[in-house]
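In: Build me a model from this:
(4 chains)
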There are 2 protein chains.
Amino acid sequence: MDKVTIKDIAREAGVSITTVSRVLNNKEEGMSNETREKVLRVIEKVNYQPNQLARSLVTKRSKMLGLIVPNISNPFFPELCRGAEDEANDHNYSLIICNSDDQLHKEENYLRLLKEQQVDGILLSSKDQLSETNKMQLRESKIPFIIFDRGEEGNQHSGVFLDNEKGGYLAGQHLIALGHTQIACITGPKNIHNSQKRLSGFQLALKEAALGLPEEFILTGDFKMDTAYQLAKEFLKNNRVTAIFACNDLMACGVYQAAHELGIRIPEQLSIIGFDDIPLITALIPKLTTIRQNTYEMGRKAIELLIHQIEHESSERVVFEPTLIVRESTKQINKVGGVDI
Amino acid sequence: MDKVTIKDIAREAGVSITTVSRVLNNKEEGMSNETREKVLRVIEKVNYQPNQLARSLVTKRSKMLGLIVPNISNPFFPELCRGAEDEANDHNYSLIICNSDDQLHKEENYLRLLKEQQVDGILLSSKDQLSETNKMQLRESKIPFIIFDRGEEGNQHSGVFLDNEKGGYLAGQHLIALGHTQIACITGPKNIHNSQKRLSGFQLALKEAALGLPEEFILTGDFKMDTAYQLAKEFLKNNRVTAIFACNDLMACGVYQAAHELGIRIPEQLSIIGFDDIPLITALIPKLTTIRQNTYEMGRKAIELLIHQIEHESSERVVFEPTLIVRESTKQINKVGGVDI
DNA sequence: ATGAAAGCGCTAACAG
DNA sequence: CTGTTAGCGCTTTCAT
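Out: Here you go, the predicted model:
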C-alpha cells in the first residue's frame, strides 16, 4: 500500500481534489457543510497527511526555518534553540538546527544547504560578524534572515542583540559596590565585538569609580573553560587581586579550577563574576554570581522577528538588557574574615 | 529578478533541461565534456542552486532526517545532536532537530510534522519507551526509524543502546575496590528502564562483593539536579554512608550541593560517582568520577544505522559499552584522613 | 458550491 | 549524446 495522496481522498469521498484541497486549507467560502464533513471523515479514516513538499513547491513557502548556531555544546545555545523552536512551532514552522562548530566553511555549507532546502528564513548566530561573502550571498539570495547576538556595530540589519556593554558595566558596578579595588578581567577573543563591549562596559564602571584596570590585569581568553583555567592559574600565582570578572560563565569555571588548585578560597579570598547565566552554572560551589541574558526569550524574539520579516517584509532590531544575578561567588571585601590581602 | 530555475540554466546554456539535470546529478554516461562544461559555467555564473523540494517530490527522497530529543537542555543531548548531525551531513542529509521537552503530545506533534515534511527517516530518543500509539503510527507510516538509548527490553527494533547494566556494575565495582561498604544510590524514575538497569547492575556488583544495598539507601530521583539535591540533603542528614552512586551526572551535581551545605567533604568524607560524563562536568570541584557514554559516537552510529536502513532496508541493533572515568570525587576509604565514619 | 486544468521545479523513462 | 514528455502531490485560477 503506497502513500495516500489527495487523489485517494478525493476518489474515496467522491469529490474533486480541488474540494479536498479546500477543506485542507480551511477555505471557508462556499462549500456545503455536508461535503466538508464527508471529506473530513475520509481524511480521518485513512489518517491522511498532506505532503508539505508538494505544497511548498506551489506556494513557495516551505514553512521551514533554519537556525545556525556556532557551537551547540556551549550550554548557552541549547537555550537559544529551545526558545527559537518553541516560537517557530507556535507559528507552525519547523526549525532546522545547524551547528557550525565555529567553522566558517561549515557555516557557508549550511547556508547553501538551507537555501536548497528552501527554508523561508534563517536565524544566524555565530561568535562574530558574518563573513563578507556570506553576508553578500545572503542578501543576494533575498532570503530573509535575522542576526542573533553578534556584534554588528553600526550595522542596520535586523536582529536581536544584548547590551553587552551594559552587562560589563553591571559586573563592574557590582564588584565596586562590594569594595573591590584590585580587579582582573578575562575577556573573550580580541576580535570579537561582544567580548570587547563587555570589557569596555566593565572598564567604564571602574573609571567612574576612579579605579583603573591595568593592562596586565586584562587577560585575553577565548570563551573556553580550559584556556581560562591556564590563564587564571598563571595570573593568580603572580598577582594579588580580590576579584575577577570572567566574560562568560565557562571561563568563570576555569577560574574556579585555578583558584581551587592554588588554595584560594571563593569568595573569601577571591570574588568571581561571570556572564551568561548558563543553566548548569548552579552546580558550581559556591554558586556563581553572574550577568544573565535571557537566552530563551531572546531565541523566541529572534524567530518572532524572522517570521514577521517573512510575512510582512518589515524588520527590526531589538536589544535585550542583561541583569545582575547575585549568588555566592562575590563578597563584600571589608567583611573578609581574617585574611589579609 | 525571480529565483533562477533549471529552465533558466537550460535556456542560457542552449541545452535542454534534461541535460542540465544530468550534469546536476553527475550522470556520467554519454555527454560531451564540452556540453557539461558549458552548463557548469552557466550554473557557476548565476550561482544556481537546485530546488531540493522539487527534486524530493519526484525522487521521493527528501534528504532530510528528523531527530527527536527529550530535552535539549540536558547537556547529554547536544552531544548526541552533534554526532547525529555530523554523520548526517557526511551522507548529504540535513537534520531537523526537535525537542520534545519530555512531553508526549509534543513528541506526537513532531512525529506528524516530520512526516508531513517527508523526512526520509527519524531518530527517536526519549527518556523512556515509545508510547504504543506512537509506535504503531510510526510502523504504519512505514517511515524508517531508529531508537536511541531507550530501554526497549525484548524489543526487536533496531537502534543504538548503552549497556546500562554494565555501567551500573562498573560504578559498583569501583566503589567496592575503593573499600566502600556503606553506599547509597540515587536512581532515575522508577518506570524508566535505563534507570532500573543502572541500579540493577550496581546491585549486582555489590552482591558479588557480599554487600547489600538496603531499601532505604536507594533514593528515587528523576535525573534532575534539584530533586537529587533535596533527596541527598535529607538523606545525608540522617544516614552515614561513605559513597553515593548517582545515576546521572546532573544528579551528582545535586549531591555535591547537599554535601557542601552539610559540610561534608568530597571525596574525603564522601565519594561520589556519576553517570554520563556530560561535558561541563569537568567544571565541578573536585572533578567528578563517572561512567562515561560516548554520546557523540552513539549519535553518529545511530544516524549511520538510520541511513543504512533507508538505503538498504536492513537494520540492526548496536549496544555501546560504557567506561569508568576515574577523577577526583572518589577515594580509597582506608586512606581517609582523620575522619571517623 | 464544485470541478478541470495548468503548473510549481525537477527527474526519469523513452526516443531519437 | 541529447531532447521530449510525463508526472511527483499539491494549490490556484477560471469555469460552470
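In: Output the helix or strand containing residue A:306 in PDB, but only the C-alpha positions, please.
Out: Following DSSP states H and E, one finds residue A:306 within helix A:295-312. C-alpha atoms of helix A:295-312 as PDB (Å, rounded to 0.1, in the frame of the first residue of the first chain):
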ATOM      1  CA  THR A 295      18.600  33.400  26.100                       C
ATOM      2  CA  TYR A 296      15.400  31.500  25.800                       C
ATOM      3  CA  GLU A 297      13.400  34.700  25.400                       C
ATOM      4  CA  MET A 298      16.000  36.100  23.000                       C
ATOM      5  CA  GLY A 299      15.600  33.000  20.900                       C
ATOM      6  CA  ARG A 300      11.800  33.400  20.800                       C
ATOM      7  CA  LYS A 301      12.100  37.000  20.000                       C
ATOM      8  CA  ALA A 302      14.500  36.400  17.200                       C
ATOM      9  CA  ILE A 303      12.200  33.900  15.500                       C
ATOM     10  CA  GLU A 304       9.300  36.300  16.000                       C
ATOM     11  CA  LEU A 305      11.200  38.900  14.200                       C
ATOM     12  CA  LEU A 306      12.200  36.500  11.500                       C
ATOM     13  CA  ILE A 307       8.600  35.400  10.900                       C
ATOM     14  CA  HIS A 308       7.500  38.900  10.900                       C
ATOM     15  CA  GLN A 309      10.000  39.800   8.300                       C
ATOM     16  CA  ILE A 310       8.900  36.800   6.200                       C
ATOM     17  CA  GLU A 311       5.300  37.600   6.400                       C
ATOM     18  CA  HIS A 312       5.300  41.400   6.400                       C
END
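In: can you pull the buried residues of the helix or strand following it?
Out: Of the helices and strands lying after helix A:295-312 in sequence (DSSP H and E), the nearest is strand A:317-320. Residues residue A:320 are the ones in strand A:317-320 that count as buried (16 or more other C-beta atoms under 10 Å in any protein chain shown). Where you see a C-beta, it was placed from the backbone N, CA and C, and this is true even at glycine.
In: what domains does the record give for chain A?
Out: A:6-50, A:64-162+A:294-322, A:164-293+A:325-340 (automatic domain parsing).
In: And stretch A:266-285, end to end?
Out: 9 Å (C-alpha to C-alpha, to the nearest Å).
In: and the host helix or strand of residue A:219, how far out from the chain's middle?
Out: For residue A:219, the element it lies in under DSSP H and E is strand A:218-220. With C-alpha atoms, centre = their mean, to the nearest Å as the basis, strand A:218-220 stands 24 Å off its chain's centre.
In: cool, stretch A:215-228 as well?
Out: Taking mean C-alpha positions (C-alpha atoms, centre = their mean), stretch A:215-228 and its chain are 22 Å apart.
In: One more: stretch A:201-214?
Out: Taking mean C-alpha positions (C-alpha atoms, centre = their mean), stretch A:201-214 and its chain are 28 Å apart.
In: Span of that stretch from start to end?
Out: 15 Å.
In: and stretch A:221-228, which residues are buried?
Out: Neighbour-count burial for stretch A:221-228 [16+ other C-beta under 10 Å]: A:221, A:222, A:223, A:224, A:225, A:227, A:228.
In: can I assume the fifth one is in contact with residue A:251?
Out: Yes. Under the criterion of C-beta atoms under 8 Å, residue A:225 lies in contact with residue A:251, with a separation of 6.5 Å.
In: who's in contact with the residue nearest the centre of chain A?
Out: In chain A, the centroid-proximal residue (C-alpha atoms, centre = their mean) is residue A:80; its distance is 4.2 Å. By C-beta atoms under 8 Å, 6 or more residues apart in numbering or on different chains, the residues touching residue A:80 are A:67, A:69, A:125, A:148, A:295, A:296, A:298, A:299, A:302.
In: give me that answer again for 10 Å
Out: Residues in contact with residue A:80 (C-beta atoms under 10 Å, 6 or more residues apart in numbering or on different chains) are A:67, A:69, A:72, A:74, A:97, A:123, A:125, A:148-149, A:160, A:293, A:295-300, A:302-303, B:72.
In: are any of the residues you listed buried, and which?
Out: A:67, A:69, A:72, A:74, A:97, A:123, A:125, A:148-149, A:160, A:293, A:295-296, A:298-300, A:302-303, B:72.
In: between the buried residues of stretch A:221-228, which is closest to residue A:307?
Out: residue A:223 (29.8 Å; C-beta to C-beta).
In: Now residue A:122: which helix or strand?
Out: Judged by DSSP H and E, residue A:122 forms part of strand A:121-125.
In: Give me the neighbour count for residue A:217.
Out: 16 (other C-beta atoms under 10 Å in any protein chain shown).
In: I'd guessed it sits against residue A:236; true?
Out: No. Between residue A:217 and residue A:236 there is no contact under C-beta atoms under 10 Å: 11.5 Å.
In: Tell me which helix or strand comes right after the strand holding residue A:122.
Out: helix A:132-140.
In: the inter-axis angle of that following helix versus strand A:121-125?
Out: Calculated by axes from the mean of the first three to the mean of the last three C-alpha atoms, to 10 degrees, helix A:132-140 forms an angle of 160 degrees with strand A:121-125.
In: do helix A:132-140 and chain B meet at all?
Out: Yes. Among the residues of helix A:132-140, A:137, A:140 lie within reach of chain B under C-beta under 10 Å from any C-beta of the partner chain.
In: which residues in the stretch 51-200 of chain A form helices?
Out: A:52-59, A:76-90, A:104-116, A:132-140, A:164-177, A:193-208 (DSSP state H, counting those that start in this stretch).
In: quick one: low-confidence parts of the stretch 151-300 of chain A?
Out: A:151-155 (pLDDT under 70).
In: Quick check: residues of it near chain B?
Out: Residues of the stretch 151-300 of chain A lying near chain B by C-beta under 10 Å from any C-beta: A:225-226, A:229, A:249-250, A:252-254, A:256-257, A:259-261, A:266, A:278-288, A:296.
In: who wins for proximity to residue B:22 among the domains of chain A?
Out: domain A:64-162+A:294-322 (18.2 Å).
In: where along the stretch 151-300 of chain A do the strands fall?
Out: Using DSSP state E, counting those that start in this stretch, the strands of the stretch 151-300 of chain A run over A:159-162, A:183-187, A:218-220, A:243-246, A:271-276, A:289-292.
In: buried ones in the third one?
Out: Applying a neighbour-count criterion of 16+ other C-beta under 10 Å, the buried positions in strand A:218-220 are residue A:219.
In: And the contacts of it?
Out: So strand A:218-220 is contacted by A:184-190, A:195, A:199, A:202-203, A:227-228, A:230-232, A:234-235, A:244, A:246-247, A:251, A:255 (C-beta under 10 Å, 6+ apart).
In: Neighbouring strands - and their directions - for it?
Out: strand A:183-187 (parallel) (DSSP bridges).
In: orientation of the strand it pairs with relative to strand A:271-276 in degrees?
Out: Using the same axes, to 10 degrees: strand A:183-187 against strand A:271-276 is 30 degrees.
In: List every C-alpha atom in strand A:183-187, with coordinates, as PDB.
Out: The C-alpha trace of strand A:183-187 is given here as PDB (Å, rounded to 0.1, in the frame of the first residue of the first chain):
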ATOM      1  CA  ILE A 183      40.300  43.600  39.900                       C
ATOM      2  CA  ALA A 184      41.200  41.500  36.900                       C
ATOM      3  CA  CYS A 185      39.200  40.600  33.800                       C
ATOM      4  CA  ILE A 186      39.300  37.600  31.500                       C
ATOM      5  CA  THR A 187      37.900  38.500  28.100                       C
END
